[in-house]
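S.K.: Sequence isn't available, so here's the structure alone:
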């Protein structure tokens, strides 16, 4: 067997990030109730938050908060882990 210096594929799209999230084994429990929309407070936090993060990171956080019912803190840690900064 030859050693290859291959890095895992970098996540570049929201679809890839969602797929990678679905493959996670030890996902945290969702801890919020959501009607499928961001609250005004979540919108305000994301507005200031997006100055320091990529569009993919922000879009993935929105997905986690609206569709998977995660709070901001958990969504942020998952987005850093999967989508990067």
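M.R.: The structure has been received and is ready for your questions. Here the structure is a predicted model, which means the values were calculated and not measured. Residues are numbered from 1 along each chain as shown.
S.K.: Please name the residues that touch residue 17.
M.R.: With contact taken as C-beta atoms under 8 Å, 6 or more residues apart in numbering, residue 17 is in contact with 11, 56, 60, 63, 79, 82-83. Glycine gets a C-beta too; all of them are placed from N, C-alpha and C.
S.K.: Show me the helices in the chain, by range?
M.R.: 14-23, 40-49, 55-66, 72-82 (DSSP state H).
S.K.: For residue 67, give me its contacts.
M.R.: Applying C-beta under 8 Å, 6+ apart, the residues near residue 67 are 34, 36.
S.K.: chain center to stretch 49-65, what's the gap?
M.R.: How far stretch 49-65 lies from its chain's middle: 7 Å, per C-alpha atoms, centre = their mean, to the nearest Å.
S.K.: and stretch 12-24, how far from the chain's centre?
M.R.: 9 Å.
S.K.: List the buried residues for that stretch?
M.R.: 16-18, 20-21 (16 or more other C-beta atoms under 10 Å).
S.K.: how about the residues you listed, which pair is most distant?
M.R.: Greatest spacing in the buried residues of stretch 12-24, by C-beta to C-beta: 16 and 21 (9.7 Å).
S.K.: Now do stretch 49-57: distance from first to last residue.
M.R.: Using C-alpha to C-alpha, to the nearest Å, the end-to-end distance of stretch 49-57 comes to 10 Å.
S.K.: If you could redo that for stretch 34-41, that was the one I meant.
M.R.: Stretch 34-41 has an end-to-end distance of 13 Å (C-alpha to C-alpha).
S.K.: So what's the gap between it and the chain middle?
M.R.: That offset, for stretch 34-41, works out to 16 Å (C-alpha atoms, centre = their mean).
S.K.: Okay, buried residues for that stretch please.
M.R.: Of all the residues in stretch 34-41, those buried under the rule 16+ other C-beta under 10 Å are residue 38.
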